[in-house]
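Colleague: structure, please.
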Amino acid sequence: MNQIPVRVIPANDVVGALVALTDALQGKCAVFISPREVNGEKVIVEGIPSFVNSDIALIVESSGSTGIPKRISISASALIASAKATEKYFGTQGQWLLTLPINYIAGIQVLVRLILADVQPIVMNTAVPFTPEAFALSSTLLTADSKFTSVVPTQLVRLQQLASQDPFLVKLLQRFTAILVGGQATSADVLSFFRERNINVVESYGMAETSGGCVYNGELLDGVEIKLVEDDRVAIRGTMLANDVANKEGFLVTQDIGEFDSTGLLRILGRADRVMISGGLKMSLDQVEAVAGSVPGVVEVGATAVSSTEWGERVGIAYVGSPEVADYIAGAVFEQLGIAAKPIRVIRVDRLPRLTSGKTDLIALRELFSEGI
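Modeller: Next comes the predicted model:
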């Protein structure tokens, strides 16, 4: 197989990434987008080869939460298949507002969609904390009839908090054809807030191994096949799969637990290592975080399983935010998710432990409770 060069682009060079990805989709090179350069100093990247096989267009790091992120190779055909499936789902291409770092697959796919649509991106500064005010300002720069953006649940909660008191932001959000939200579970109350105001928030499920989202609002995108295997783990097959991630039958067996509802829609309960059993009942810690994170005054939140002699496991919650909201967090989780989710402890911290990917360090989070902090 022919070899092609690998271009390493820093995450703060969006223009450079667009140029490199355009060439990569045409088979001229492969791209690895490194973390941001700080003060003009190049990021030292180890283990990235100078040349790779021509069936690789992108090397991307997964945003692992329990260990070192792994690097995944994705072909141009898989990236294009994913982008085309999104286009078919919405019936249009449109213009995208980039709110996410481009060294992870969600941000990269925004760029791929823009390249295929030949539309200018509108880019937020992801080097600074996300604010709904900055989002609102950036959204006014979108000029296409069909407007899209992709956010994570924390950003969506921030938008909800401002939109609840700012009718102008509500009008701006209503102009979007769709606002994709993914990466973690989103509180049902947050989703209802937007949908009651005719704002089209679409839950996206996917990962780096699937070139981004492959299920929208429980519906499988074009070319996607999903079945549930042992322990109800989600297994995915389709043209958007990354290189060398499928088994002999062509399925990527994920660590996510899922179920199909009576209408055939896929519901993700959480990762296998994030579903605890409390009093004999299964409970997703991702769902606990989604509810707790929607409480006003909460900036960041992490949930973990705490050993219990009586219940087997109970929920422990650590959060960054206002001191007086701890009881509200416990009440909201109990009210929305039931007795199995009722936290045994809610503690306030200055910051959550993080990995280099930006995801919560789940091992360190659990140790907060084992140490009795």
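Colleague: so where do the helices sit in the stretch 201-350 of the chain?
Modeller: 285-293, 326-337 (DSSP state H, counting those that start in this stretch).
Colleague: ok, Thr186 to Ser82 distance?
Modeller: 21 Å (C-beta to C-beta, to the nearest Å). Bear in mind the C-beta positions are built from the backbone N, C-alpha and C, glycine included.
Colleague: also Glu313?
Modeller: Using C-beta to C-beta, Glu313 is found at 36 Å from Ser82.
Colleague: could you find the closest non-adjacent residue to Val123?
Modeller: Among residues not flanking Val123 along the chain, Leu98 sits closest, at 4.7 Å (C-beta to C-beta, 6 or more residues apart in numbering).
Colleague: and the pLDDT for the one you found?
Modeller: Here the pLDDT value assigned to Leu98 is 97.
Colleague: number the chain from 632, please
Modeller: Shifting the count to begin at 632 puts that one at Leu729.
Colleague: neighbours of it, how many?
Modeller: Neighbour count for Leu729, taken as other C-beta atoms under 10 Å: 20.
Colleague: just Ala816 next, same as before
Modeller: With other C-beta under 10 Å as criterion, Ala816 counts 22.
Colleague: does Ile948 touch Ile975 like I think?
Modeller: No. Judged on C-beta atoms under 8 Å, Ile948 makes no contact with Ile975 at a distance of 9.2 Å.
Colleague: that older thread, who has more neighbours, Glu944 and Ser713?
Modeller: The residue with more neighbours, out of Glu944 and Ser713, is Ser713; 28 against 18, by other C-beta under 10 Å.
Colleague: give me the element that one is part of.
Modeller: When elements are assigned from DSSP states H and E, Ser713 belongs to helix 707-721.
Colleague: and that helix, what does it pack onto?
Modeller: Under the contact definition 3 or more C-beta pairs under 8 Å, 6 or more residues apart in numbering; DSSP states H and E, helix 707-721 sits against helix 645-656, helix 736-748, strand 843-847.
Colleague: now do it: everything it contacts.
Modeller: Here helix 707-721 makes contact (C-beta atoms under 8 Å, 6 or more residues apart in numbering) with 655-658, 688-689, 724, 740, 743-744, 747-748, 777, 779, 808-809, 841-845, 847, 850, 852-855, 869-874.
Colleague: returning to that earlier point: so which of the helices of the stretch 832-981 of the chain comes closest to Ala934?
Modeller: Nearest to Ala934 among the helices of the stretch 832-981 of the chain is helix 916-924 (4.1 Å), distances taken as C-beta to C-beta.
Colleague: which residues are contacting the closest one?
Modeller: 784-785, 788, 815-821, 900-902, 905-907, 929, 931-936, 946, 948, 950, 960, 963-964, 967-968, 972, 974.
Colleague: if we use 6 Å, what do you get?
Modeller: Contact with helix 916-924 is made by 788, 815-818, 901, 905, 932, 934, 946, 948, 960, 963-964, 967, 972, as judged by C-beta atoms under 6 Å, 6 or more residues apart in numbering.
Colleague: of the residues you listed, closest to Ile733?
Modeller: Nearest to Ile733 among those, with distances taken as C-beta to C-beta, is Gln815, at 19.1 Å.
Colleague: doesn't Thr785 make contact with the closest one?
Modeller: No. Counting by C-beta atoms under 6 Å, Thr785 is not a contact partner of Gln815; they are 8.2 Å apart.
Colleague: for stretch 706-721, buried residues please.
Modeller: Applying a neighbour-count criterion of 16 or more other C-beta atoms under 10 Å, one finds 706-707, 709-718, 720-721 buried in stretch 706-721.
Colleague: now swap in stretch 990-999 and tell me
Modeller: Along stretch 990-999, these residues count as buried under the neighbour rule (16+ other C-beta under 10 Å): 990-993, 996-997, 999.
Colleague: so of the residues you listed, which ones are in helices?
Modeller: Using DSSP state H, the members of these that fall within helices are 993, 996-997, 999.
Colleague: so where is the stretch 682-831 of the chain shaky, pLDDT-wise?
Modeller: Applying pLDDT under 70 to the stretch 682-831 of the chain flags residues 694-700.
Colleague: let's see it at 90
Modeller: 692-701, 751-752, 756-760, 784-785, 788, 814-820 (pLDDT under 90).
Colleague: quick one: the strands in it?
Modeller: Taking DSSP state E, counting those that start in this stretch to define them, one finds strands in the stretch 682-831 of the chain at 682-684, 689-692, 702-705, 726-729, 753-754, 778-782, 809-812.
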